[in-house]
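In: Need a 3D model of the following:
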Amino acid sequence: MLKEFKKFAMRGNVVDLAVGVIIGGAFGKIVTSLVNDVIMPLLGLLLGGINFAEDKLLLREASGTTEALYLNYGQFVQSVIDFLIISFSIFLFIKAINSVKKKEEKPKPAEPTKEEILLTEIRDLLRERK
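Out: Numbers count the residues shown, from 1 in each chain. Next up, the predicted model:
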């Protein structure tokens, strides 16, 4: 069972997936920082100083021992923007990789077989006779 697991874990697809998850996590942090620290403040400035991260709707006020209940829609808006930027960036990255792969995969014209060479020579000789 240990040998089977080792064989499974060392397969190219599993290693590629692990690398993808690690890079994706780091990329997600970069995009989150981009959204939180660059895009959202600019968007808030354009919309009159609104800070989406702190936007919430009071559903129930605090009374006695119960805390106030809020609907944090600002965080949701920020998460949606995060998702859109990450998914669009990944789309562009995959598109670039696919275009490079297509360029690499252009099939080279197959070299003619011996029969084709012979037939070409025969054709050329017949043309010369005419």
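In: part of a strand, is residue 59?
Out: Yes - assessed with DSSP: H, G, I helix; E, B strand; the rest coil, residue 59 lies in a strand.
In: Just to check, it is in contact with residue 67?
Out: No - assessed by Cβ atoms under 8 Å, residue 59 is found out of contact with residue 67, at 11.3 Å. All C-beta atoms are positioned from the backbone trio N, CA, C, and that covers glycine.
In: dump the residue contacts of the residue nearest in space to the middle of the chain.
Out: Taking Cα atoms, centre = their mean, the centroid of the chain lies closest to residue 90, which sits 2.2 Å from it. Contacts for residue 90 were tallied using Cβ atoms under 8 Å, 6 or more residues apart in numbering; there are none.
In: Tell me if it really is in a helix.
Out: Yes - checked against three-state DSSP, residue 90 lies within a helix.
In: Quick check on residue 69: phi, psi?
Out: When read as degrees, to the nearest 10, the backbone of residue 69 gives phi -110, psi 120.
In: correction: residue 112
Out: According to degrees, to the nearest 10, residue 112 has phi -70, psi 140.
In: Quick check: closest non-adjacent residue to it.
Out: Excluding the flanking residues, the one nearest residue 112 by Cβ to Cβ, 6 or more residues apart in numbering is residue 120, at 7.2 Å.
In: contacts for whichever strand or helix holds the one you found?
Out: According to DSSP states H and E, residue 120 maps onto helix 114-129. Applying Cβ under 8 Å, 6+ apart, the contact partners of helix 114-129 are residue 112.
In: Done for today, thanks.
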